[in-house]
Every structure is written in C-alpha cells, then in structure tokens.
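In: Build me a model from this:
(chains A and B)
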Amino acid sequence: MVDAMSIKSGLSPGADSEPKVVVRNLWKVFGPHAQRVLAALQSGDSKQQAALEGGHVVAVRDATFSVQPGEIFVIMGLSGSGKSTLVRCISRLIEPTGGYIAVGGAEVTAMDAAQLMQLRRHSLSMVFQHFGLFPHRTVLQNAAYGLEVQGVPLAQREARAREMLELVGLAGWADSRPQRLSGGMQQRVGLARALAVDPAVLLCDEPFSALDPLIRRDMQDELLRLQQMMHKTILFITHDFLEALKLGDRIAIMKDGRLVQVGTPEEIVSNPAGDYVREFTRDAPRAKVITARSLAQARAGVEAPAVAASTRLEELLQRMAAGETQLCVREEDGTLLGVVDQAAVLRALAGAAPR
Amino acid sequence: MAAVNAGRWLALCAGAAAAVLLGIHFIGSGFGPFPVEWNIGLRQPIDGFQSWVIGNRSTHPIFLFVFGPFSAFVDWGLRAAENILLWLPWPVTVWLFAALAWQVANWRITVVTVCGLLFMGLMGLWEQSMQTLALMVIAVSLSLLVSVPLGILAARHAHLQQILRPILDLMQTMPAFVYLIPVLLFFGVARVPSVVATMIYAIPPGIRLTELGLRQVSPPVVEAARAFGATRRQLLWHVQLPLALPAIMAGVNQTIMMALSIVIIAALIGAGGLGREVLVALQRLQVGRALEAGLAVVLLAIIMDRISDALANRQSEIYVAGANTGYAAKRPAWQRARIVVPLVAAVLLLAALVLGVQSFPEAARLPLYQPVDVAVGWMRDNLYRIGNSGWGTGPLSDLITIRMLDPLRALFAHGLAWPVQVALAVCAGAALSGFPLALQAGLGLFAIGMLGMWELAMDTVSQVVVAVAISIVLAVPLGIWAARSAWVDALLRPILDTLQTIPSFVFLVPVIMLFNVGRVPGVIASVLYALPPGIRLTTLGLRQVNDEVREAARAFGSSSWQLLTKVELPLALPSILLGINQVIMMALAMVVISGLVGGAGLGLEAVIGLAKGQTGRGIEAGLAIAILAIIPDRMLHAAAHRLQPPV
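Out: Okay, the predicted model is just below:
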C-alpha cells in the first residue's frame, strides 16, 4: 500500500510557481433570469435578492481559489452544495453566470467556442462519478477517445491508450467492453482515458463515490500512486471528508454554494472555521493529519531532542509513550519553531483547540 | 385546480342540457335527423379541385416540377427494384434471404424464411410476392430517408419536436384508409400513390423511435464526450447515433410492419402484388385463393419482422449486456460469409441462367385453394347452421346483428336525438379534461353532421361499440389471467405475436370463411385484430404494480380477490385504459376496412368513393372516420392521464 501522507508532503507546491487554475468571484445561478439575479445578489440588495431568488437556484456563490501545479486540490461538500456545478464551470460544461476562470494562464471565461474546444481537448480532462464510459466502444477505444477527437492517427492513439491501460493495470482488457468490467476497473478505464491526453489539469467529479468502500480505498491509493509518477494538477470533488483528508494537499469545504474554508488538511482539522466544518473534523484521524509544526509552542531555553516540523502526531505520540516529555520542533533547514510537550499532544488528540 | 373545477361545472351544465334536450326529444315532437340544409357541401369543391388537377396535371408547374419529378423518381426506383427481384432466379433469392437470416438471426428464423419463400412459390404467388417486396423496399427506404434525419433534428431542436408531436399523433390516430384518398388526388391511380400512402403511414414510428433513442442516451456519457472536446458532429456520430442504434432499428422494424400492413390495403388504389391478389379474391368470394395470398402476406410479414427484429436485438444486446458476442466476436464468421455468400449466389445465378430458371416453376403449383374451398363449402353447409339445433355461426351472426348491431344503430341514428349526443360528448370531454376537450368533442360530432355523414357514422359507431365491448370482455380477464399465471402468459405470447404481425386486411379472410359477408365479419375481425393490445396492456399494467405495495396488501390479510380489486386493478387502470384506447383505434380501423366485404357505414362509403373515383365523397367519409378516431383517443388519454397516480 502506498503511504498517502508521504506522497503529498513530498509534493508540496512551490510557493513561487504560477497557479495552474485560478478561479475568482465565480457565480452560477440557475433559472430564467440568472443575470438579473446575479446583479441583485452582487449589489447586496436584500429585498430584491429575496424576491428574485424565487424560481432560481444559486449553485455557486462568489467562489475564489487557485490550484498550484502538481497539487491535489479537493473540493469537499455534501450533495447539493454546488461542488459538481463548480467543477463543470471550469471547463464550461456548465456556463458560469459571472466571475473569472483561468487555466494555465489562459482566461477560460473569455474563450470562444473553438478555443474552448481546444482547451477541453488538450488541457483539461475529466473523470466522472458514473464513469461516463462509452458502452459501444471497447476499453481501448474508450481510452483513446480523447486523442481521437484531437485527430491523432489510429496507430499512435491506440499505442498511447495501451500504455495508459497498462499504467492503470488493465493491460489484458483492451478488447473487452466496459460493461464486462467491475466498477473499480471501469473507473480505471475512466482514469486511463483522462490521462491519455496528457492534460495539464485533471478534473475528478466524485470519481470513487459510486464504488464499494474497499475498492474505493484501492482506487484512492491508485490515484496517489499515479500522482507520484505524473505530478498532475488535480481538482478533486468528493463528499467524503476522510477521502478529502487522504488525497488533498489542500481542501476547500463547500456549503450552499460558498467556500467556507480553504486550507491544508492539518489547518482544517486543527483549526476548523465554524461549527459546520468542526462537525466533519470530529471523526478525522487526527494522529495522521496533525504535524508537529502546528503544535509547536514558542518557549525559550528548553533542551530536548529535536523532531522535524513535518512529523505527524502519531509519531510524536510514540515518542512520548517511549518516555519523552517534550520535543523541540525544527524546520528542515534547522530553524527552531518551538517546543511540543505531552499536554499539547494530548489536547490535539482530543480535538481541543491549541492553546 | 381551477381548470378541474371549471371542467366539472361545464360537465354539469352539459349534462343538464342533455337531460333537457332528451326531455324535449321524448315529450315534444323531437328533433329529427341532422338537418340536411346544414351540410356544408365539401364534396363539390373537392370534386372541382379534382377536375382541375386532372385538367392541369400536364401543364401546371406544381405538377411539372414537384409531383411529376417525384412520381417519376419513385416509379423509376420501383421498376428497378421490381425488375431486379423478378429477374433474379428464385434459388438465388432464396439463398440470399437465407444467408441474411442466418447472419443476423438464428437457424429457426432461417428455416422460417426458406419455408416462407418456398410457400409463396408453391402457391403460384412468386411474382406477386416479389412485386410486394419491391414496393416494400422502396417505400421503407424512402420512409427511413425522411424519418431518421427528421428524428435526429427533432431530438436536437426542442421547438421542431413541439411542432412535430401533434402532427405525428394525428398521423398515427387516423386509420390508414383515410390517407389513400387525398393521396389519390395528387398522384392519381397507380403504384406511386401507394408508395406515398405507405410512406405517410410508416414515417411516424421512424421519427419517434429515432428521437427517443437519441434522447435516451445516458447524459453522463454525452457529458464525457463533451468534456473531451467532441464537436456536435463528433458527439452525434461517435456517441449518440451508435447508442441510439437499437431504438432506430426498432423504428426500422416498426416502419416495415406499418408499411406492410398498408401496402396490402394500397391494392385499392392500384398497388399490385399480394394485396391485389387478396382483394380480388375477397371481392369474388374465392376464399381459398384469398387464404393462399393472405398466408403469403403473413409469411412475408413474419420473415421481415423476425429479421429486422433480430437486427435490432443484436444491437441492444451488445450495449446492454456488454456481451462480447457482437460484431467483434462474430468477425471471423462475417468475413467467411462475405466470401461464401456472394460466391454461392454467383454459382447459383450462373447455373440458373444456363438452365433458364427464373420465376418459380408453374408445374410446382400446389393447389391449396382446392381443399380450402371444399372446406369452406363444407363449413358453410354444416357450421353455418348445425342441424336444427339453433347453433352455428349463422345464428351467432344473427344474434350479433339483431340483438346488438341493429338496436345500437337505431339508438345512435334515431333513438337519441343528435343534439343530445353532442351534449353528452361535451359533457364527457368536460368531465375528463376540461374546456378544450369538451369543445373539440362537441365540434367534432357537429362537424360529422355538417359533412352529411351522421347516419353512416352512427352505423360505424354501432359496429365499433359492439366490437370494443366484446374485445374488452375477452381482453381484460385474459390479461389478468396472463399476469397471474406464467403458463397462460407463455401460451398467449406466440399467439399474440402472430396476431400482431398479421396485416389488418388479412384478418378478413378466415372470418369470411365462417361468417359470410356483411357487418358481422367486420366486427369479428375487429375483435381478433384489437384483442392483442388489450390483453398486453392489461397484463403490463398489472405487472408494473410495485411488489412492495402488493406485499403490503398481503401483509394486511387481503384475499386474492381483494388484492386484485382494491390494489392491483386501480393501479393498473391507466395502462388498461390505454389498452382500451388501442382496442378502439384498431377496431375502428378494422371496421372501416370491412367496408370492402360488405360492412356498412363510413368504410363502405370510402370504398365507394375510392372505387368510383368520387374523391369528394371519399374525403368526406375519410374526414368523418378521422374525427371518430380522434375523439375517443383524446378522451381516453385524458382519462388515463388523470388516473395516473402521483409519483
């Protein structure tokens, strides 16, 4: 099994690089007078707002975030929170009502139909909740579809598709029809199809939600394994908080169309913004998520063994159990961040806010 | 809610009006028949138009540049198809059909195909069968050429679909007979109008099923293609059309069956082939000959149905089960077939040409008609009246005529005054749906009077009512039985399949054998024709009842009878009503066709109009038939819709 945390920490996005996906003030209103409703909502006129919202659904409210290259950015929300709409707005499968979207520096919201098609063919790829495989095509033809619409010659695209199928462990199934495969295998085909075009950004819309729990875990590990090899920029939608913690370099929590908190799994678990987010963090595997960095308290003149800032709570716990009472936390370059003691470890484990 | 209340109020008013009028009718001097002076005289302008058409057919631009070239094109295609089929030596034709059946279906259908074709030859009907086949090939391909693209357009443009839907509804409601007359007006009597009439009838299912197939393509799959940057055209060709193919093939199957049923009737307006054979034999009361030709039609129908059905099913099997038994797995067999089939065909062709074999040998004629005619004679002598017992088909026929048809006709034509009937129709329309339907029903009946068709229409109505009543009495219990017992279902299924494959016209043949000519054979044939959908939709409705609901009723201790009457039947009622609707539509279509064998009423009037070239007369009767079909169709759909339990 692949160790989830080690992959992610190894791939922390560089702060200096340009974001791969930028979303600013994105709105999506469904209904006959979407633009008028949007104007009313933006002006903040509450009476008009209430009047206009009848018959309209505001699926995405003023969403702003950016995704760094090589990052897995998870958008987590319950059903109806607007997360699927949000991800479809990025490739404009659903036309946003207002706001700015850029992928790889190109402004998606300003593109005409031809440019948009090129974007979908070359830069973005999508994996779907119910797989969206073409039942009348073989597994190989499915995997090659993105290249086929690009106009890549048959031999070349089939070679590439075979390569991808091998990558996801389906080398022997190329000539089967997708319906003959189990759910997990079908989604592997979906992944192969998405990766075959070598997209800059991979959009995943709850790709593992329709799978059994055990298969889901396998697929999560598979995604992390692939990510370790390919370093894609991934926007991942899920309703499962634990999945978000496991996969996400950063997580955005979505509620009623709004992003209520964006942060690393650790930030969210150790410092939830409000009761809504705290509810989710209740069952979170804190020992695997929280690191020494967030527990370090500045204290002068303490002599104690040192640990790296990225050391996870579960390891700190073992050290404490082995007899240490406190530990010095140091960044990788040696800078002293502070001290973590038994009380801090226990508080973090119990889910109390750091003092 | 407001609409429902207004409808109820209107229904009360119309009911009260009907009661008052009824009072006047019985107490006062009465109303008499529908006033003759209100006849709008549609006949004269139509006949005038017909003379104009005849006079200008060779000069007016619309004939020179629209109808003329189209006719020439269809005629050319028809001749070409006919010539090829007649030129091909019969062993080659049989071989090609057998190879087709073997490739797309299985050995059983192959055997049926070979036997069917040989039967046609043995009956001395080879040429007629090939003529009908040619007509089918041309009519079906032209229909598909129109319907599939229209279906694609309708699936992509919602507004086109909204325009098409009522037109298709109307086209499918009207009995096929009605089309023949206006087609005659524009294309004259020959083979081209039969192709056109066939197209009108066969196009709707093609459009419907193509559109349905495209709309049913699963949205995630379409979205996936879009997400990968497929253009609209790529989406259509890569994803939507391949996935809609099973539905489109089902549409092809329906197009073929519709076309075959009317190709036979089209004999009335000059189509040759098997239909003409049946028609002439029926008119001369050569029952044996009619049965031979009728059987040939049925065999042709079964062959074409099974082969096209197998094609459709194979498509859907690939998609639904994901079975690897489709093209991919069959590829070696296909490749072998690609060489073997033409090779054998070429050898056969050469051999046949050298030996001079072409049409089926006359010497091989099997005179099936002789024993049949003997049997019919025997039945007429012995079954019509069985001794002095008072039993037999004759007394049964008399019973239906004297006890059912005559009193009903008297009631509709004279017993109930026409204003009472119009008021009752308005009342029913208002109660079932609301003001629009009430208006349509009232105006419709009134229009029948104004066409001068009141009495004839009421004659037809009395026959339809009797046929429908007998059908329902038989169909609903049989449907319930089939829903409850697997073996009844298994027994009924092939019988119903066969009944539904038989073109309407052919039903008249065996019925005439037993009941002679007149109104009764029309009624009996209608019952046979209309039974299958009645039984099927009853069974379907009962089967669709949610198992959990059924279990709940059992858990509370319902008896089998209580379960049926309190739970199953009420829930199945919308489906049963749709079945009854189909029964009415089919009974009406059949009663009209029975005009050919002495059934009175509008059918006879239309036949006379057709036969004597009195287009105005025929169109008046045709319009009245169409109105008679539309009114109950709308009412029963409204009723079924209303009874649909909220989901």
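
In: Could you break chain B into its assigned domains?
Out: The domain map for chain B lists B:1-30+B:416-450, B:47-370, B:393-415+B:454-643, with the assignment taken from automatic domain parsing.

In: between these, which gets nearest to residue A:109?
Out: Using Cβ to Cβ as the criterion, the shortest distance between residue A:109 and those is 17.3 Å, found for domain B:47-370. All C-beta atoms are positioned from the backbone trio N, CA, C, and that covers glycine.

In: What is the end-to-end distance of the closest one?
Out: End-to-end distance for domain B:47-370: 44 Å, by Cα to Cα, to the nearest Å.

In: Check stretch A:107-117 too.
Out: In stretch A:107-117, first residue to last residue: 14 Å (Cα to Cα).

In: So what touches that stretch?
Out: Residues lying outside stretch A:107-117 but in contact with it, judged by Cβ atoms under 8 Å, 6 or more residues apart in numbering or on different chains, are A:90, A:91, A:92, A:96, A:99, A:100, A:101, A:102, A:106, A:119, B:229, B:231.

In: Relative to residue B:166, which of those is nearest.
Out: Lowest distance from residue B:166 to the contacts of stretch A:107-117 (Cβ to Cβ) belongs to residue B:231, with 32.6 Å.

In: If you tally nearby residues, what's the number for the closest residue to that closest one other than its chain neighbours?
Out: Closest residue in space to residue B:231, ignoring its immediate chain neighbours: residue A:117 at 6.6 Å, by Cβ to Cβ, 6 or more residues apart in numbering or on different chains. For residue A:117, the count of nearby residues is 18 (other Cβ atoms under 10 Å in any protein chain shown).

In: quick one: residue A:329 is in a helix?
Out: No: the assignment for residue A:329 is strand, going by DSSP: H, G, I helix; E, B strand; the rest coil, so no helix is present there.

In: Grab the longest helix from the chain for me.
Out: With no chain named, the answer covers chain A. The residue-count maximum for a helix in chain A (DSSP state H) belongs to helix A:213-230.

In: wrong one, chain B
Out: Of all the segments assigned as helix in chain B under DSSP H, the longest by residue count is helix B:287-320.

In: same for that one, what does it pack against?
Out: Applying 3 or more Cβ pairs under 8 Å, 6 or more residues apart in numbering or on different chains; DSSP states H and E, one finds that helix B:287-320 makes contact with helix B:90-104, helix B:107-122, helix B:126-156, helix B:241-265, helix B:273-283, helix B:369-382, helix B:486-501, helix B:508-515.

In: Please enumerate the helices of the stretch 401-550 of chain B.
Out: With DSSP state H, counting those that start in this stretch applied, the stretch 401-550 of chain B shows helices at B:406-410, B:418-432, B:435-450, B:454-484, B:486-501, B:508-515, B:519-543, B:547-555, listed in chain order.

In: Show me the contact partners of the first one.
Out: Spelled out, that is helix B:406-410. B:458, B:459, B:461, B:462, B:465, B:466.

In: Using CSV, write out every CA atom in it.
Out: What follows is the C-alpha trace of helix B:406-410 in CSV, where atoms were taken according to Å, rounded to 0.1, in the frame of the first residue of the first chain:
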residue,chain,number,x,y,z
ASP,B,406,-79.4,-3.1,-35.1
PRO,B,407,-80.7,-1.8,-31.8
LEU,B,408,-77.5,0.2,-31.2
ARG,B,409,-77.6,1.6,-34.7
ALA,B,410,-81.2,2.6,-34.2
